[in-house]
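Visitor: what would the 3D arrangement of this be:
(one chain, ligands or ions: 2)
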Amino acid sequence: MAVPFSGLYPKAPSIYAPIGWKHLMKIKAFIFDLDGVLTDTAEYHYRGWKRLADELDVAFTREENEALRGIPRRESLLLMLKGRTYPEEQLQQFMERKNNYYLNFVREITAADLLPGARELLNEIRAAGLKSGLGSASKNAREVIERLGISSLLDAVSDGSSVQRQKPAPDLFLHAAGQLGFAAQECVVVEDAAAGIESARAGNFWTIGIGPASRLASADLILPNLKNARLGDLLAFFDTFQAER
Ligand code: BG6
Ligand code: MG
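Guide: Ligands and ions are numbered 1, 2, ... in the order given. Below is the predicted model:
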């Protein structure tokens, strides 16, 4: 029997859904952002941009860098340059320079750089028969996950080369969900960037924000980090949260 969509469940996939549809929409997968969620490469991105900014005599602070979280390389450069204009060739060269600075840090990454709680959560997801995916705007994401030693724990990897439209468009997470074979409503996106939460919400995913509420107010659940993020607690939270919507 079908019941009209009442508006109580705003993420229902259609306007008509069978009674108890939310049981069918149980969480099946988690899609993780990389930089700032699984490892602290957000700091390395900052140092790379800071060094380039210093060389170009552009004032660039850690606070200003916050606006670059989750933002692709080219847009990040343009934000850092604050309206200064250069020929395209020079912009390309700046991006390459920053990326080389960034890669110097990346080459030092080992499994020890996985943030606390990340491996435990990935292991729990695997043990429970759920899936994990990566949704990172970075073109260096594959190298980073190799170095962190988590490639085998990720069932799908979508990175900066997977889609044209980057965050805050929903395309990257939809690409990851497609690879995993699940609908957005069956996946939780874990993100540290405002642009990432916006992207996930635009795709109709459930969201966990990692970091301060000031940056992640629109996430369904906000955690300071993954340290105490146990799978059972997260699934229980989303069960209750969905039921109350
Ligand atoms: C995101 C980072 O994951 O990747 C951004 O949060 C970064 O800071 C973007 O600019 C692109 O990364 P890359 O490695 O392709 O320059
Ligand atoms: Mg991030």
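Visitor: how close does residue 86 sit to residue 97?
Guide: For residue 86, the distance to residue 97 equals 12 Å [CB to CB, to the nearest Å]. Placement of C-beta: from N, CA and C, glycine included.
Visitor: so which helix or strand of this structure has the lowest pLDDT on average?
Guide: strand 2-4 (a mean of 31; mean pLDDT, DSSP states H and E).
Visitor: for this structure, longest helix please?
Guide: helix 88-106 (DSSP state H).
Visitor: please name the nearest non-neighbouring residue to residue 232.
Guide: Spatially, and ignoring its direct neighbours in sequence, residue 232 is nearest to residue 124 (7.9 Å; CB to CB, 6 or more residues apart in numbering).
Visitor: now the strands for this protein?
Guide: With strands called from DSSP state E, the chain shows them at 2-4, 16-18, 29-32, 131-135, 156-158, 187-191, 206-210, 221-223.
Visitor: quick check on the most centrally placed residue in the chain: phi, psi?
Guide: Against the mean C-alpha coordinate of the chain, by CA atoms, centre = their mean, the closest residue is residue 33 at 2.5 Å. Backbone torsions of residue 33, given as degrees, to the nearest 10, read phi -70, psi 160.
Visitor: pretty sure it contacts residue 191?
Guide: Yes: counting by CB atoms under 8 Å, residue 191 is a contact partner of residue 33 at 4.6 Å.
Visitor: residues shared between the contacts of these two?
Guide: Between them, residue 33 and residue 191 share these contacting residues under CB atoms under 8 Å, 6 or more residues apart in numbering: residue 70.
Visitor: how about low-confidence regions in this structure?
Guide: Residues of the chain meeting the criterion pLDDT under 70: 1-24.
Visitor: check whether stretch 74-91 comes near ligand 2.
Guide: No: if you take CB under 5 Å from the ion as the test, stretch 74-91 misses ligand 2, and the best it gets is 11.9 Å.
Visitor: hmm, who's touching that stretch?
Guide: Under CB under 8 Å, 6+ apart, the answer for stretch 74-91 is 45, 49, 52-53, 56, 58, 60, 64, 67-68, 71, 94-95, 98, 166.
Visitor: tell me the buried residues in it?
Guide: 76, 77, 79, 80, 81 (16 or more other CB atoms under 10 Å).
Visitor: for it, measure first residue to last.
Guide: Stretch 74-91 has an end-to-end distance of 8 Å (CA to CA, to the nearest Å).
Visitor: can you give me how far that stretch is from the chain middle?
Guide: 24 Å (CA atoms, centre = their mean, to the nearest Å).
Visitor: how about that stretch and ligand 1, any contact?
Guide: Yes: using CB under 6 Å from any ligand atom, stretch 74-91 comes into contact with ligand 1 via residue 76.
Visitor: for whichever residue of the chain sits closest to ligand 2, what are its contacts?
Guide: Closest residue of the chain to ligand 2, CB to the ion: residue 36 (3.7 Å). Shown in contact with residue 36 (CB under 8 Å, 6+ apart): 42, 69, 70, 192, 193, 210, 211.
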